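[1] have a look at this fold, sequence not included:
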């Protein structure tokens with residue numbers, strides 16, 4: 001199956017919109033479209049690898065502020081406490097490794 005990360009995009013001021021691209025017993029691939037949302041803290045069981053396809057974001061990871069821009073890739077390890085502080089109109093590609 002061919003999936004284009006820029007096709008059929010939908011943004012909402014109320015929430016981030018997640019689209020599942022692929023999932024099996026080991027990985028989950030998700031596209032997230034965000035329109036300025038901040039998030040609560042996350043404490044995940046999975047390794048998460050994120051890539052900014054469009055836009056930019058600021059995250060807090062274990063108390064450290066990290067800025068991401070288009071093209072940046074970031075690993076978030078299991079149980080690494082993190083949240084999104086701010087973001088522009090951003091398209092994320094998120095890989096979750098179980």
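    In hand now; what should we look at? What you see is a predicted model; the values in this text were computed from it and never measured. Numbers count the residues shown, from 1 in each chain.
[2] what about residue 62, how many residues nearby?
    Around residue 62 there are 11 other residues, counting by other Cβ atoms under 10 Å. Just so you know, the C-beta spots here come from the backbone N, C-alpha and C atoms, and that holds for glycine as well.
[3] wait, it sits on residue 82?
    Yes. Between residue 62 and residue 82 there is a contact at 7.3 Å, judged by Cβ atoms under 8 Å.
[4] for whichever strand or helix holds residue 58, which residues meet the burial criterion?
    Mapping residue 58 onto the secondary structure by DSSP states H and E places it in strand 56-61. Of all the residues in strand 56-61, those buried under the rule 16 or more other Cβ atoms under 10 Å are 57, 59-60.
[5] what bridges to the closest residue to residue 11 other than its chain neighbours?
    With Cβ to Cβ, 6 or more residues apart in numbering as the criterion, residue 11 has its nearest non-adjacent residue at 4.3 Å, and that residue is residue 35. Beta bridges link residue 35 to residue 89, judged by DSSP bridges.
[6] ok, back up a step: what's the strand holding residue 58 packed up against?
    Contacts defined by 3 or more Cβ pairs under 8 Å, 6 or more residues apart in numbering; DSSP states H and E place strand 56-61 against strand 64-69, strand 82-87, strand 89-97.
[7] go again using 10 Å as the cut-off
    Based on contacts counted as 3 or more Cβ pairs under 10 Å, 6 or more residues apart in numbering; DSSP states H and E, the elements that strand 56-61 packs against are strand 64-69, strand 73-76, strand 82-87, strand 89-97.
[8] run the angle between the third one and strand 89-97 for me.
    When you say that, I think you mean strand 82-87. Strand 82-87 and strand 89-97 meet at an angle of 160 degrees, taking axes from the mean of the first three to the mean of the last three Cα atoms, to 10 degrees as the criterion.
[9] can you list the neighbours in contact with strand 82-87?
    Residues outside strand 82-87 that contact it (Cβ atoms under 10 Å, 6 or more residues apart in numbering) are 16, 32, 34-44, 48, 52, 55-68, 74, 76, 90, 92.
[10] 7 Å instead?
    The contact list for strand 82-87, computed with Cβ atoms under 7 Å, 6 or more residues apart in numbering, reads 34, 36-42, 55-61, 76.
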